[in-house]
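K.L.:
build the 3D model from these lines:
(one chain, ligands or ions: 1)
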Amino acid sequence: MNKPLVVITGASSGFGAEIAKLFNQEDYPMLLLGRRKEKIMKLPLNFEKVVVDSVDVTDGEAFKNSIKEAEAVYGPTDLLINNAGVMLLGNVQNQEPNEWKTMIDTNVLGVLNGMQAVLTNMKDRKHGTIINMSSLAGRKTFVNHAAYVASKFGVHGLSETVREEVSSYNVRVSLVAPGAAETELLTHVTDQQALSDYEAWKDTMGGFTMNPVHVAEAVKFIYDMPQEVNIREIDIAATRQDG
Ligand code: NDP
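P.N.:
Model (predicted):
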């Protein structure tokens, strides 16, 4: 039987790239989104049933159109993984407000854009799963993370709200909340002090954090449960992470 379409945002690196590899190994047709299309094209995937599109998740229209085009080929989206996100560490007292806006636009509005693009169809079909990538920073506070924490508490709040709204339609909304992991996330931080504080914190964990593969495995585990079972949230972090 043909497998249904899986849409992954932020597939060009980190968690998204690892999630794409896992679903590709099981032959799912996929729509992989990110602004750096060329980076996705270099992933070690079998691209036979993979559509790659350069989409900024903050552009709701482009996001919806891209999904529509992939669905015209592979049928309705059965799994949307809203993974794209940015973490620009900084102290509220001196951080550029543009950085707050980038985080809220990407981490919160980007997730809402994705959900809006697929929810009607999932409700009509009484089938489908949305997994939003939040963070432990969506459950607790971290110094120098104020705007990021605000965005990820937002992801937690909106996910649980929509979960309640669509549960009676047999549609699953789930969350993964990872701790620190080895991805490109830190490479966009401009505040050098916040960055070195983060590195010092990492040193307390032996200098390395979680392999992103395990976050991808958690995502796959959620999806692989039968449709009538919804793992509402997985919190996953390196054993040595204290906070
Ligand atoms: P990476 O920086 O490696 O990946 C982030 C991905 O998001 C990239 O593929 C990037 O693609 C994409 N992205 C960023 N902005 C946009 C945008 N506007 N439109 C489309 N795609 C975008 O980091 P991670 O893999 O770590 O991050 C993935 C998610 O995991 C994020 O939501 C992050 O907040 C969350 N997270 C990460 C943790 C960590 O320690 N690594 C811990 C907890 C949560 P491109 O630049 O090509 O657009």
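
K.L.:
just after the lengthiest helix in the chain, pick out the following helix or strand.
P.N.:
Criterion DSSP state H: the longest helix present in the chain is helix 146-166. The first helix or strand that comes after helix 146-166 along the chain, using DSSP states H and E, is strand 172-178.

K.L.:
pLDDT averaged over the very next helix or strand once past that next one - what is it?
P.N.:
Beyond strand 172-178 on the C-terminal side, the first helix or strand identified by DSSP H and E is helix 192-203. Within the predicted structure, the mean pLDDT of helix 192-203 is 93.

K.L.:
then helix 192-203 to PDB, C-alphas only?
P.N.:
Once non-C-alpha atoms are left out, helix 192-203 reads as follows in PDB (Å, rounded to 0.1, in the frame of the first residue of the first chain):
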ATOM      1  CA  GLN A 192      28.400  36.600  22.300                       C
ATOM      2  CA  GLN A 193      28.000  36.700  26.100                       C
ATOM      3  CA  ALA A 194      24.800  34.700  25.900                       C
ATOM      4  CA  LEU A 195      26.500  32.200  23.600                       C
ATOM      5  CA  SER A 196      29.500  31.700  26.000                       C
ATOM      6  CA  ASP A 197      27.200  31.400  28.900                       C
ATOM      7  CA  TYR A 198      25.400  28.600  27.000                       C
ATOM      8  CA  GLU A 199      28.700  26.900  26.100                       C
ATOM      9  CA  ALA A 200      29.700  27.000  29.800                       C
ATOM     10  CA  TRP A 201      26.300  25.400  30.700                       C
ATOM     11  CA  LYS A 202      27.000  22.700  28.100                       C
ATOM     12  CA  ASP A 203      30.400  22.100  29.700                       C
END
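
K.L.:
what sits up against it?
P.N.:
L89, G90, N91, V143, N144, A180, L186, V189, F208, T209, G243 (CB atoms under 8 Å, 6 or more residues apart in numbering). Where C-beta positions appear, they are placed from N, C-alpha and C, glycine not excepted.

K.L.:
next, the buried residues of that helix.
P.N.:
For helix 192-203, the buried set under the neighbour-count rule, 16 or more other CB atoms under 10 Å, comprises A194, L195, Y198, W201, K202.

K.L.:
now tabulate these in a markdown table and tack on distance to G114.
P.N.:
Shown next, in a markdown table, are these (distance: CB to CB, whole Å):
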| residue | distance to G114 |
| --- | --- |
| A194 | 28 |
| L195 | 29 |
| Y198 | 28 |
| W201 | 31 |
| K202 | 30 |
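
K.L.:
quick one, phi/psi of G138?
P.N.:
With angles defined as degrees, to the nearest 10, G138 shows backbone torsions of phi -100, psi 0.

K.L.:
which residue, other than its chain neighbours, is closest to it?
P.N.:
Counting by CB to CB, 6 or more residues apart in numbering, G138 lies nearest to K152, which is 3.4 Å off, once chain neighbours are set aside.

K.L.:
show me the two of the contacts of helix 192-203 that sit farthest apart.
P.N.:
Pairwise distances across the contacts of helix 192-203 peak at 25.5 Å for N91 and F208 (criterion: CB to CB).

K.L.:
which residue is nearest the centroid of the chain?
P.N.:
Among the residues of the chain, N83 comes closest to the average C-alpha position under CA atoms, centre = their mean, at 1.2 Å.
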